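K.L.:
I'd like to go over a predicted model; first the sequence, then the structure.
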Amino acid sequence: MKKALIFSFIHLIAFSLSAQKKYFNFQTITKDSNFSFPIFQSSSDSIVENKINVLLQLYELQLLYEHNETNLFKILQITSDSVIQGNTSLFFNVIENSDKILSVSFSKEWCSASCNYLTEYYNFNSGNGDLISFYDFIQRDKINSAIAAVTEKRKFNFLNQLPNLKSEQTIDTASVLSELINSNLHYFYIKNDSVFISDDECLSKFEKIYYDLNMITGFSAEELKPYLNDYGKTVYSNSKKTIAKFHGNNFPQLYFRIKQ
């Protein structure tokens with residue numbers, strides 16, 4: 001009986017480790033308890049990981065990581081200058097980590113005279129390291145209809161929550177809807193076979209903090225299917241097509257020269 005239990009325990013551990021296996025490994029760099037940042041590593045292609053790391057570091061840290069760097073967050077942190085401004089926190093979350101997509105979020109608090117809160121999302125093609133835009137997956141002649149479809153569901157998600165607000169909680173509904181309708185759809189992430197669009201930035205700072213509103217709307221592959229191009233179909237299906245052959249056309253990309 002004891003041997004059987006030991007075997008089952010070992011088998012369970014092996015299964016758990018196998019289930020948790022991810023495409024990219026990463027090292028977590030921390031500072032105090034308020035800052036964390038990932039350095040991604042891939043066993044298959046150093047150019048891909050370099051593209052991802054450099055882009056994230058330039059966007060979020062405004063510097064490039066070196067192994068002898070003692071404070072990766074030195075440009076972001078609040079200083080003792082007369083005008084106090086900077087980040088008081090930065091945390092990352094790896095949302096999707098597969099051989100097709102790497103999705104990462106960064107939640108941060110930025111302060112000057114007062115503080116604001118923001119979550120940024122980055123979605124990468126795991127095959128070539130390109131930064132992905134929502135529009136990269138959509139057929140050119142169906143972009144307007146795709147935008148209309150996702151806008152309607154996002155509007156419904158927001159309006160459906162308003163009756164749940166407390167009586168003293170007022171909100172400028174027209175302003176939020178205007179921001180939502182005119183959104184560039186840059187705030188999104190990919191998880192499994194779905195896209196999640198965040199409209200947190202349509203809310204005021206006060207509304208973000210004190211109103212219990214879920215401004216993230218999910219869209220399954222089935223919902224997006226009528227609008228997807230070959231790139232999107234490859235991402236949201238069991239297709240064996242090589243993801244690396246697809247490139248993003250809507251965001252600036254980094255290019256690395258391969259030494260001969």
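P.N.:
On my side now, so go ahead. Numbers count the residues shown, from 1 in each chain.
K.L.:
can you give me the strands in the stretch 151-260 of the chain?
P.N.:
Secondary structure of the stretch 151-260 of the chain by DSSP state E, counting those that start in this stretch: the strands cover 188-191, 194-198, 216-220.
K.L.:
And residue 22, how far from residue 159?
P.N.:
Computed as CB to CB, to the nearest Å, the residue 22 to residue 159 distance reads 37 Å. Just so you know, the C-beta spots here come from the backbone N, C-alpha and C atoms, and that holds for glycine as well.
K.L.:
typo on my end, it should be residue 133
P.N.:
Noted for residue 133: a distance of 27 Å to residue 159, by CB to CB.
K.L.:
Among these two, which residue is more densely surrounded?
P.N.:
Each of residue 133 and residue 159 had its neighbours counted (other CB atoms under 10 Å), and the higher figure belongs to residue 133 (17 against 12).
K.L.:
Using neighbour counts, pick out the buried residues of stretch 153-162.
P.N.:
Buried residues in stretch 153-162, counting neighbours by 16 or more other CB atoms under 10 Å, are found at 154, 155, 157, 158.
K.L.:
distance of the residue nearest to the first one when sequence neighbours are not counted from residue 129?
P.N.:
Leaving out its chain neighbours, the residue that sits closest to residue 154 by CB to CB, 6 or more residues apart in numbering is residue 217, at 4.7 Å. Using CB to CB, we find residue 217 at a distance of 28 Å from residue 129.
K.L.:
before we move on, what about residue 96?
P.N.:
Between residue 96 and residue 129 the distance is 15 Å, computed by CB to CB.
K.L.:
elements contacting the one helix or strand residue 48 maps to?
P.N.:
With secondary structure defined by DSSP states H and E, residue 48 is part of helix 46-56. Judged by 3 or more CB pairs under 8 Å, 6 or more residues apart in numbering; DSSP states H and E, helix 46-56 is in contact with strand 35-41, strand 115-125.
K.L.:
so residue 90 sits right up against residue 60, yeah?
P.N.:
Yes. Contact status for residue 90 versus residue 60: in contact at 7.0 Å, counting by CB atoms under 8 Å.
K.L.:
So, low pLDDT: which residues of the chain?
P.N.:
Judged by pLDDT under 70, the chain has its weakly predicted residues at 1-21, 43-45, 68, 78-84, 240, 251-260.
K.L.:
so where do the helices sit in it?
P.N.:
With DSSP state H applied, the chain shows helices at 2-19, 46-56, 143-159, 173-181, 205-210, 221-224, 230-235, listed in chain order.
K.L.:
Can you tell me, leaving aside adjacent residues, what's nearest to the residue nearest the centre of the chain?
P.N.:
In the chain, the C-alpha closest to the average C-alpha coordinate belongs to residue 121, at a distance of 2.8 Å (CA atoms, centre = their mean). In space, not counting the residues next to it along the chain, residue 121 is nearest to residue 189; the distance is 4.6 Å by CB to CB, 6+ apart.
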